[in-house]
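Trainee: Mind folding the following:
(one chain, ligands or ions: 1)
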Amino acid sequence: MKELVVLTGASSGIGLEMARELATKGIDLILVARRMDILQNIKTELESLFRIKVTIISKDLSKPESAKELYDEIKSQKLIVTGLINNAGFGNYGDFSETPLAEDLNMIQVNVATMVSLTKLFLIDMKAISRGRIMNIASLLSFLPFPYYSVYSATKAFVLAFTETLAAELEGSGVIVTALCPGPIDTGFNTSEMLKTNAYKTNKPMDPKVVAKQGIELFLNGKGKKIVGFNNWFISNLPRITPDRIMMKIKKNLASIKS
Ligand SMILES: NC(=O)c1ccc[n+]([C@@H]2O[C@H](COP(=O)([O-])OP(=O)(O)OC[C@H]3O[C@@H](n4cnc5c(N)ncnc54)[C@H](OP(=O)(O)O)[C@@H]3O)[C@@H](O)[C@H]2O)c1
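Mentor: Residues are numbered from 1 along each chain as shown. Predicted coordinates for the structure are as follows:
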């Protein structure tokens, strides 16, 4: 059976680079995002460079019904999915009392609820054939929730906890679930405000190609979780050795914008 991977958030950033990386390995793809024109260009690029089939589906994953619609659309094409990468996601930055509630709730839907729904739908089929790989994109903030990223940090803590527990449940089932935990990456994710924070000045965003390469290595051959970059691995461990009170001060300083 030929590998076929569903990759959400494939129109830009690490999603686009992971699509390119999977294509170099001759893996067929189902690419999902809202921007169809960009997906069409990616399909043309990848199919002309590699001997693969790329299916593109435009879907707004902030809609509660989107995961089931996506799953049904794929099933109706009689495609057998062997891999799923839940990469689509976004964050916002600011005082929780000031960020629009609708945006916070959309974020929870995309980063958490749709990710859970897609995982359940495709996992059931993968378990039935005792084969499959699922990778969820968590974050450095899964380990150290940052002020001014309250909802985003919480969604990514969820992603990591969910993925790690699922990985343990699925041991020996033939289905492997992993979590990629990047620190800052140079993508459209970062708003101009985020880029002004001390965190981005002290921990320079990584090249999305580098993160994608490590992500695909984890997805295809790895187990467990991967924190991308030594710097980020070191930072992720700080809460273990630093009292909460001090840690929160450090995080607040890093997440602030220096005037
Ligand atoms: N950049 C970082 O510093 C960083 C660090 C750690 C983790 N991450 C995580 O990495 C993942 C990818 O982010 P990125 O940095 O590559 O950002 P990005 O360049 O902004 O890409 C985000 C992708 O998600 C898709 N997406 C967003 N909202 C969507 C929606 N409602 N429905 C369908 N697709 C949607 C976007 O496609 P459309 O706009 O075309 O729909 C795009 O393809 C996210 O889960 C993010 O939380 C990023």
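Trainee: alpha carbons only for contacts and neighbour counts from here, please
Mentor: OK.
Trainee: can you pull the buried residues of stretch 123-131?
Mentor: Buried residues in stretch 123-131, defined by neighbour count with 16 or more other Cα atoms under 10 Å: 123, 126, 131.
Trainee: Could you give the average pLDDT over that stretch?
Mentor: Across stretch 123-131, the average pLDDT comes to 97.
Trainee: what do you get for stretch 49-63?
Mentor: The model assigns stretch 49-63 a mean pLDDT of 98.
Trainee: Show me what counts as buried in that stretch.
Mentor: Taking 16+ other Cα under 10 Å as the criterion, stretch 49-63 shows 52-54, 56-57, 59-62 as buried.
Trainee: Would you format the residues you listed as a markdown table with secondary structure and distance to Ile241 included?
Mentor: Formatted as a markdown table, these follow (DSSP: H, G, I helix; E, B strand; the rest coil; distance: Cα to Cα, whole Å):
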| residue | secondary structure | distance to Ile241 |
| --- | --- | --- |
| Ile52 | coil | 48 |
| Lys53 | coil | 48 |
| Val54 | strand | 46 |
| Ile56 | strand | 46 |
| Ile57 | strand | 45 |
| Lys59 | coil | 43 |
| Asp60 | coil | 41 |
| Leu61 | coil | 38 |
| Ser62 | coil | 37 |
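Trainee: Any idea how many residues pack against Asp72?
Mentor: 13 (other Cα atoms under 10 Å).
Trainee: Look up phi and psi at it.
Mentor: When read as degrees, to the nearest 10, the backbone of Asp72 gives phi -60, psi -40.
Trainee: Against which helices or strands is the helix or strand Tyr71 falls within packed?
Mentor: Element membership of Tyr71, judged by DSSP states H and E, is helix 66-76. With contacts defined as 3 or more Cα pairs under 8 Å, 6 or more residues apart in numbering; DSSP states H and E, the packing partners of helix 66-76 are helix 115-128.
Trainee: Counting by contacts, list what the helix it packs on packs against.
Mentor: helix 66-76, strand 83-86, strand 132-137, strand 175-181.
Trainee: Identify the residue nearest Val54 in space, chain neighbours excluded?
Mentor: Of all residues not flanking Val54 in the chain, Leu29 sits nearest, at 4.8 Å (Cα to Cα, 6 or more residues apart in numbering).
Trainee: So which bits of this structure are right by the ligand?
Mentor: Residues of the chain that fall close to the ligand, judged by Cα under 6 Å from any ligand atom: 9-15, 33-35, 59-62, 87-90, 110, 137-139, 182-190.
Trainee: Separate out the buried members of the residues you listed.
Mentor: 9-15, 33-35, 59-62, 87-90, 110, 137-139, 182-186, 189-190.
Trainee: Could you give me the buried positions within the host helix or strand of Met248?
Mentor: Per DSSP H and E: Met248 is located in helix 244-255. Buried residues in helix 244-255, defined by neighbour count with 16+ other Cα under 10 Å: 247-248, 251-255.
Trainee: The residues you listed: which two are farthest apart?
Mentor: For those, the maximum inter-member distance is 12.1 Å, found between Met247 and Ala255 (Cα to Cα).
Trainee: returning to that earlier point: the ligand: which of the buried residues of helix 244-255 is nearest?
Mentor: Of all the buried residues of helix 244-255, Ala255 has the smallest distance to the ligand: 13.1 Å, by Cα to the nearest ligand atom.
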